[in-house]
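**Student:** Let's see this in three dimensions:
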Amino acid sequence: MALSQSLFTLQVGFIGFVVGLVFWRFPPKKINSVYGYRTPRSQKDIASWRFAQRFSAKLMVWTGLANMGICRVCDSVLCRMDLPGAVRTIYEALLVVISAIALCVSVVLPTEIALARRQKL
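**Tutor:** Residues are numbered from 1 along each chain as shown. Just a heads-up that it's a prediction; the model follows:
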């Protein structure tokens, strides 16, 4: 297995991890439409905005790490299978797409649930 193939499947988790660290370390101070976790619920007021930034950044760091681990395991399984190059590339591309969707859902859904619960109080 080439190193580039292994790195290909880890890229989504790594990007999620790095973006989460940046957002965690440098959260946006004011509500804006450019930078940060931006949904109507998070932009409702400044307290919700700050909560959403902290909560989603921490989730993104941890889900990025988990995503890299899961992708590494899946990549190891793919490596052990005797697949032609084109088929393996298709499986790797599917793994990247699925991991990107999983990363987004695993950050947005819990953050929105936490915001909804917080705003009901």
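**Student:** count of neighbours near K120?
**Tutor:** Other residues lying near K120 total 6 when counted by other CB atoms under 10 Å. C-beta here means a position set from N, CA and C on the backbone, and glycine is covered the same way.
**Student:** Oops, could you answer that again for G69 instead?
**Tutor:** G69: 12 neighbours (other CB under 10 Å).
**Student:** show me where pLDDT drops low in the chain?
**Tutor:** Residues of the chain that meet the criterion pLDDT under 70 lie in 1-8, 121.
**Student:** now do 80
**Tutor:** Low-confidence segments of the chain (pLDDT under 80): 1-10, 75, 78-79, 83, 85, 121.
**Student:** quick one: secondary structure of L83?
**Tutor:** Under DSSP: H, G, I helix; E, B strand; the rest coil, L83 falls in the coil class.
**Student:** Return the distance of it relative to V77.
**Tutor:** Applying CB to CB, to the nearest Å, the value for L83 to V77 is 11 Å.
**Student:** Tell me which of those two has more neighbours.
**Tutor:** It is L83, of L83 and V77, that has more neighbours when counted by other CB under 10 Å, with 13 against 10.
**Student:** Spit out the contact partners of the more buried one.
**Tutor:** Counting by CB atoms under 8 Å, 6 or more residues apart in numbering, L83 makes contact with Y91.
**Student:** And the residue most central in space within the chain, how far from T63?
**Tutor:** Geometric centre of the chain, nearest residue: L103, 3.4 Å, by CA atoms, centre = their mean. For L103, the distance to T63 (CB to CB) stands at 6 Å.
**Student:** and for those two, which residues touch both?
**Tutor:** Residues within reach of L103 and of T63 at once, by CB under 8 Å, 6+ apart, are G16.
**Student:** To which secondary structure element type does the residue nearest to the centre of the chain belong?
**Tutor:** Under three-state DSSP, L103 falls in the helix class.
**Student:** So it sits against N67, correct?
**Tutor:** Yes: with contact defined as CB atoms under 8 Å, L103 reaches N67; the gap is 5.3 Å.
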